[in-house]
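S.K.: Quick one, structure for this:
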Amino acid sequence: MSNTPVRTPRERLLAALDEVIRKVGAQAVLISDLVATRVGLNSTDLECLDLLQLAGPTTAGQMSLHSGLTTGATTAVIDRLERAGFVQRRRHPDDRRVVLVEVLDHCGPHIEPLYRELHEGLMKVNARYSNRELDVVVRYLSEALEAGARHVSWLQTQPALSHHRPRHKSVTSEPIAAANARPASARVSATRPAATPRPRRTARRGQEPQRPSARRK
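M.R.: Numbering: from 1, shown residues only. Predicted structure coming up:
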């Protein structure tokens, strides 16, 4: 008899939803990494660039809130994007003390072709759903996004896990204890190279080689 607990229809649905979300998240990371390598960025910088494009000109502090990164990490991202020629810093027109970060115009045409096939595929998927159904999807994902933002804030308070790995045992011909238990003479002979046989003496020029004496009967 199976020990698998019987799930209700809602439990099965929630399990399937959780699995799909995890797969979509993993796929999004892989796609982002592939696109990032083709435009000369890392995946984190590419995603922050996308957030900047969605938000419009924004401050580093606002970008930090949107991305969930620390202020120091956000500044480093902006520096890399600026050096790569994707964004620029400029003073706020109404308050010169505020520095805005904005995406340069050429970035869209430079990156969008790498997402075109995915966009066209999703447009076909969207066409199969009514406006009411799509509204439910948008509402659900928006609330899930807020839950993810809270999780990012929580993760930033957690200590890093230990990176120590168990040491591998060295491979020897025999255990050290067993080797030390042998007699000293045996241990020395085991470590000392074997004596090479001496070459046979050859007769000097002009002399006959000595023959072995015949064994007496």
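
S.K.: Where does pLDDT dip in the protein?
M.R.: Counting by pLDDT under 70, the chain contains low-confidence ranges at 1-2, 162-217.

S.K.: Which stretches in this protein count as strands?
M.R.: 87-91, 99-103 (DSSP state E).

S.K.: For the first one, buried residues please.
M.R.: Of the residues in strand 87-91, those scored as buried under the neighbour-count criterion (16 or more other C-beta atoms under 10 Å) are residue 87. C-betas here are computed from N, CA, C, even on glycine.

S.K.: ok, now the last one?
M.R.: Along strand 99-103, these residues count as buried under the neighbour rule (16+ other C-beta under 10 Å): 100-101, 103.

S.K.: From these, pick the one nearest residue 38.
M.R.: Of all the buried residues of strand 99-103, residue 103 has the smallest distance to residue 38: 17.8 Å, by C-beta to C-beta.

S.K.: for that closest one, what are its contacts?
M.R.: 49, 52-53, 86-87 (C-beta atoms under 8 Å, 6 or more residues apart in numbering).

S.K.: at 10 Å what do you get?
M.R.: Listed by C-beta atoms under 10 Å, 6 or more residues apart in numbering, the contact partners of residue 103 are 49-58, 81, 86-88.

S.K.: Any of these buried? List them.
M.R.: Buried among the contacts of residue 103 (16+ other C-beta under 10 Å): 49-52, 57-58, 81, 86-87.

S.K.: My read is that residue 137 contacts residue 126, right?
M.R.: Yes: between residue 137 and residue 126 there is a contact under C-beta atoms under 10 Å: 9.3 Å.

S.K.: How much space separates residue 18 from residue 25?
M.R.: According to C-beta to C-beta, to the nearest Å, residue 18 stands 11 Å off from residue 25.

S.K.: And residue 66, by the same measure?
M.R.: Remark: distance between residue 66 and residue 25 (C-beta to C-beta) = 18 Å.

S.K.: likewise residue 5?
M.R.: Distance from residue 5 to residue 25, by C-beta to C-beta: 26 Å.

S.K.: who's more crowded, these two?
M.R.: Neighbours per residue (other C-beta atoms under 10 Å) separate residue 5 from residue 25, with residue 25 holding more: 11 against 6.

S.K.: ok, that one - contacts?
M.R.: residue 148.

S.K.: Flag every buried residue along stretch 40-51.
M.R.: For stretch 40-51, the neighbour count (16+ other C-beta under 10 Å) marks 41, 43-51 as buried.

S.K.: Please enumerate the helices of the protein.
M.R.: With DSSP state H as the criterion, the chain has helices at 9-39, 43-55, 60-67, 71-83, 107-111, 116-126, 131-155, 176-181, 184-191.
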